[in-house]
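Visitor: Sharing a sequence plus its predicted fold:
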Amino acid sequence: IAITADLAGFWRGAWAEARRDMRGRYPRHDWPEHP
């Protein structure tokens, strides 16, 4: 999905976009809003 050195920043920002994209591809998987 993504490579980052700022893991906290990923969860605050990029995770929402990654989650949205992956939910479309893998709808049967649980994609939590706040992992």
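Guide: Nice, I can see it.
Visitor: Check which helices and strands the biggest helix by length in the chain is in contact with.
Guide: The single longest helix within the chain, with elements called by DSSP state H, is helix 15-25. Of the remaining helices and strands, none touches helix 15-25 by 3 or more CB pairs under 8 Å, 6 or more residues apart in numbering; DSSP states H and E. Backbone N, C-alpha and C define where each C-beta goes, glycine included.
Visitor: Please point out which parts of that helix sit buried.
Guide: Neighbour-count burial for helix 15-25, counted by 16 or more other CB atoms under 10 Å, picks out W15.
Visitor: Put the alpha carbons of it into PDB.
Guide: The C-alpha trace of helix 15-25 is given here as PDB (Å, rounded to 0.1, in the frame of the first residue of the first chain):
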ATOM      1  CA  TRP A  15      -4.500   5.900   5.900                       C
ATOM      2  CA  ALA A  16      -8.000   7.300   5.000                       C
ATOM      3  CA  GLU A  17      -7.100   7.400   1.300                       C
ATOM      4  CA  ALA A  18      -5.500   3.900   1.400                       C
ATOM      5  CA  ARG A  19      -8.400   2.500   3.300                       C
ATOM      6  CA  ARG A  20     -10.900   3.900   0.700                       C
ATOM      7  CA  ASP A  21      -8.900   2.400  -2.200                       C
ATOM      8  CA  MET A  22      -8.500  -1.000  -0.600                       C
ATOM      9  CA  ARG A  23     -12.100  -1.300   0.500                       C
ATOM     10  CA  GLY A  24     -13.100  -1.100  -3.100                       C
ATOM     11  CA  ARG A  25     -10.700  -3.800  -4.100                       C
END
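Visitor: Use 27 as the first number for this chain going forward.
Guide: OK, 27 is where the count begins now, so the last one is helix 41-51.
Visitor: What score does T30 have for pLDDT?
Guide: We have a pLDDT of 86 for T30.
Visitor: quick one: secondary structure of it?
Guide: coil (DSSP: H, G, I helix; E, B strand; the rest coil).
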